[in-house]
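> Below: sequence and its predicted model.
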Amino acid sequence: MKDCIFCKIAEGQIPSHKVYEDDDVLAFLDISQVTPGHTLVISKKHYSNFLTTEKDIMHKVMDVAQRIGQAQMSILGAKGVNILTNVNKEAGQSVFHFHVHVIPRYIANEGFRIEMKQNEKLSELSLPALADEIKKAI
Ligand code: 5GP
Ligand code: ZN
């Protein structure tokens with residue numbers, strides 16, 4: 001897609017430090033390293049995010065993400081890994097081409113932190129009704 005930075009990286013128009021490549025998937029180091037080895041895994045074909053990606057391609061990207069996480073643990077000496085993908089700007093997505101972050105973690109709380117705080121205002125939520133609503137839509 002025109003003007004998409006990750007399409008340009010996939011096509012080799014913009015250089016990147018590649019760690020993996022096949023016909024459908026490319027992985028390269030994130031330009032802003034959260035921790036040493038922070039890698040992005042992308043589909044070569046343009047999809048705007050995880051939710052809109054064709055299932056077999058999404059599976060291939062996730063397979064590579066798993067292998068990179070395993071390599072970060074065995075070769076880089078990471079003690080943990082965060083694997084995450086942001087969908088839309090409300091969730092922090094800034095590049096609208098499907099990608100998965102694979103972030104090796106060496107020391108607890110060094111790098112970044114996802115804090116999941118219970119929102120006290122939501123204590124009245126009906127969990128059975130919510131679960132039903134989501135269940136029906138799958
Ligand atoms: P998002 O915020 O969309 O989940 O993540 C986008 C990521 O792409 C960011 O972590 C950002 O550092 C990375 N990024 C943006 N532009 C480039 C680039 O030109 N090259 C590389 N290697 N990474 C990039
Ligand atoms: Zn793209």
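Yep, it's here. Ligands and ions are numbered 1, 2, ... in the order given.
> can we go C-alpha only for contacts and neighbour counts from here?
Fine.
> What residues sit buried inside the biggest helix by length in the chain?
Secondary structure of the chain per DSSP state H: the longest helix is helix 55-74. By 16 or more other Cα atoms under 10 Å, the buried positions in helix 55-74 come out as 57-58, 60-62, 64-65, 68-70, 72-73.
> swap in stretch 32-50?
35-50.
> any idea which of the residues you listed is the one closest to ligand 1?
Within the set of those, residue 40 lies nearest ligand 1; the separation is 7.3 Å, counting by Cα to the nearest ligand atom.
> Which residues are in contact with the residue of the chain most remote from its centre?
Distance to the chain centre peaks in the chain at residue 124, reaching 32.1 Å (criterion: Cα atoms, centre = their mean). Contact analysis of residue 124 by Cα atoms under 8 Å, 6 or more residues apart in numbering lists nothing.
> Residue 39 now?
Residues in contact with residue 39 (Cα under 8 Å, 6+ apart) are 27-30, 101-103.
> Neighbour count and pLDDT added to those, as CSV?
Output for the contacts of residue 39, formatted as CSV (neighbours: other Cα atoms under 10 Å; pLDDT from 0 to 100):
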residue, neighbour count, pLDDT
27, 27, 98
28, 20, 98
29, 18, 98
30, 20, 98
101, 21, 98
102, 26, 98
103, 27, 97
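> List the ones among the residues you listed that fall in strands.
With DSSP state E as the criterion, strands contain 27-29, 101-103 from among the contacts of residue 39.
> Ligand 2 contacts on this protein?
The interface of the chain toward ligand 2, taken as Cα under 5 Å from the ion, is made up of 4, 6-7, 46, 97.
> Just the residues you listed: which are in helices?
Residues of the residues of the chain next to ligand 2 located in helices (DSSP H): 6-7.
> ok, of the residues of the chain next to ligand 2, which come out buried?
Using 16+ other Cα under 10 Å, the buried members of those are 6-7, 46, 97.
> Quick check: the gap between the residue most central in space within the chain and ligand 1.
Using Cα atoms, centre = their mean, the residue of the chain that lies closest to the mean C-alpha position is residue 100, 2.0 Å off. Computed as Cα to the nearest ligand atom, to the nearest Å, the residue 100 to ligand 1 distance reads 7 Å.
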